[in-house]
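[1] no sequence for this one, just the structure:
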């Protein structure tokens, strides 16, 4: 959990393991480079249904100095699910258990799992949790929605509480932590909480961990600096396609502003870099920040 506003662990965006005998694809070089991460515990997150490829990738990661590897059993994307990966693994629990038994036995690194509580129904979670409890996992990260929810509707925190009560290994929480108040209410309901994964909330609000630690919300100059660094990094990596990545960021960050609808309208038709830069500059000059959520 954030201590004094500082993140203590970073899970990479999911990585597709290479074929056995091959290195990771070059597009993952930035994610797997640990320069600048010396004070942060970085955990690579793999997206696969193939035990041999998982174990091979875990070996490569061990050689790079990583201390843990995570299997994603939560991604709800239709493309991912259609390949039997991510939350698609929850459609065949015997196959999922066989996969995890194999990788836990052969992986040179401890294996953690990020999961949803079912594919189509909450009722699936008792069987899913029992499956995980039979395995020597390093940690279970619970996003208490089913795959069919995507990110809609309320999270079912009681499922997280059930995992806390029953699991023989550490359990972490993920889902809908958008404010310091959200965090506080989770910890009040489940005082044994030791690890909370911040996802979309941190993407949209780079000061969220600081606020959870009792610090201030981001100021406009801080947000603009963060935006400029993020945009510059995307632009260096993908040229004009950076605009579309930044529009995705604004879909989360607009909630920090007093008039998010105005930002949404302004960003909707932007396609070219020059157009985007003009619109973003106007937002930072003319729009006010909303009062921080409690």
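    That came through fine. On a predicted model such as this, the values are computed, not experimentally measured, just so you know.
[2] only C-alpha atoms from now on, for both contacts and neighbour counts.
    Noted.
[3] need the distance between the two termini of stretch 43-53.
    Terminal residues of stretch 43-53 lie 17 Å apart, using C-alpha to C-alpha, to the nearest Å.
[4] where along the stretch 101-250 of the chain do the strands fall?
    Under the criterion DSSP state E, counting those that start in this stretch, the stretch 101-250 of the chain contains strands at 111-118, 140-146, 171-174, 196-197.
[5] any idea which residue sits dead centre in this protein?
    Central residue of the chain (C-alpha atoms, centre = their mean): residue 199, 4.4 Å from the mean position.
[6] list phi and psi for the closest residue in space to residue 24 that isn't next to it in sequence.
    Taking C-alpha to C-alpha, 6 or more residues apart in numbering, and ignoring the residues beside it in sequence, residue 24 has residue 18 as its nearest neighbour in space, at 5.3 Å. Per-residue torsions, residue 18: phi -80, psi 170 (degrees, to the nearest 10).
[7] OK, contacts around residue 18?
    By C-alpha atoms under 8 Å, 6 or more residues apart in numbering, the contact set of residue 18 is 24-25, 53, 57.
[8] pLDDT wise, what is residue 77 at?
    The per-residue pLDDT reported for residue 77 equals 94.
[9] which residues does it contact?
    When contacts are counted by C-alpha under 8 Å, 6+ apart, residue 77 touches residue 150.
[10] run the last query once more with 7 Å
    By C-alpha atoms under 7 Å, 6 or more residues apart in numbering, the contact set of residue 77 is empty.
[11] what of the one 5 residues further on?
    Counting by C-alpha under 7 Å, 6+ apart, residue 82 makes contact with residue 88.
[12] over to residue 155?
    Here residue 155 is in contact with 144-145, 175 (C-alpha under 7 Å, 6+ apart).
[13] kindly report the same for residue 133.
    Residue 133 makes contact with 167-168, according to C-alpha under 7 Å, 6+ apart.
[14] how close does it sit to residue 87?
    18 Å.
[15] same question, residue 26
    Counting by C-alpha to C-alpha, the separation of residue 26 from residue 87 is 26 Å.
[16] ok, and the helix or strand in this protein with the lowest average confidence?
    helix 29-32 (a mean of 81; mean pLDDT, DSSP states H and E).
[17] how about that helix: buried residues?
    Applying a neighbour-count criterion of 16 or more other C-alpha atoms under 10 Å, one finds residue 32 buried in helix 29-32.
[18] show me how far it is from its chain's centre.
    16 Å (C-alpha atoms, centre = their mean, to the nearest Å).
[19] packing partners for whatever helix or strand comes next after that helix?
    The helix or strand immediately downstream of helix 29-32 is strand 41-43, counting by DSSP states H and E. On a contact count with 3 or more C-alpha pairs under 7 Å, 6 or more residues apart in numbering; DSSP states H and E, strand 41-43 meets strand 9-11.
[20] hmm, back to that, which one of the strands of the stretch 101-250 of the chain lies nearest to residue 214?
    strand 196-197 (16.1 Å; C-alpha to C-alpha).
[21] the closest residue to residue 73 other than its chain neighbours: what's it in contact with?
    When the adjacent residues along the chain are set aside, residue 73 lies closest to residue 86, with 4.2 Å between them (C-alpha to C-alpha, 6+ apart). By C-alpha under 7 Å, 6+ apart, the residues touching residue 86 are 47, 72-76, 80.
[22] what subset of those residues is buried?
    For these, buried by 16+ other C-alpha under 10 Å: 47, 72-76, 80.
[23] check whether residue 173 really touches residue 141, as I assumed.
    Yes: with contacts counted by C-alpha atoms under 7 Å, residue 173 reaches residue 141, the gap being 5.6 Å.
[24] same for the longest helix seen in the chain, what does it pack against?
    The single longest helix within the chain, with elements called by DSSP state H, is helix 220-238. For helix 220-238, the elements it packs on are helix 242-253, judged by 3+ C-alpha pairs under 7 Å, 6+ apart.
[25] so what does whichever helix or strand comes after the helix it packs on touch, helix or strand wise?
    Using DSSP H and E, the next helix or strand after helix 242-253 towards the C-terminus is helix 260-268. Packing partners of helix 260-268 (3+ C-alpha pairs under 7 Å, 6+ apart): none among the helices and strands.
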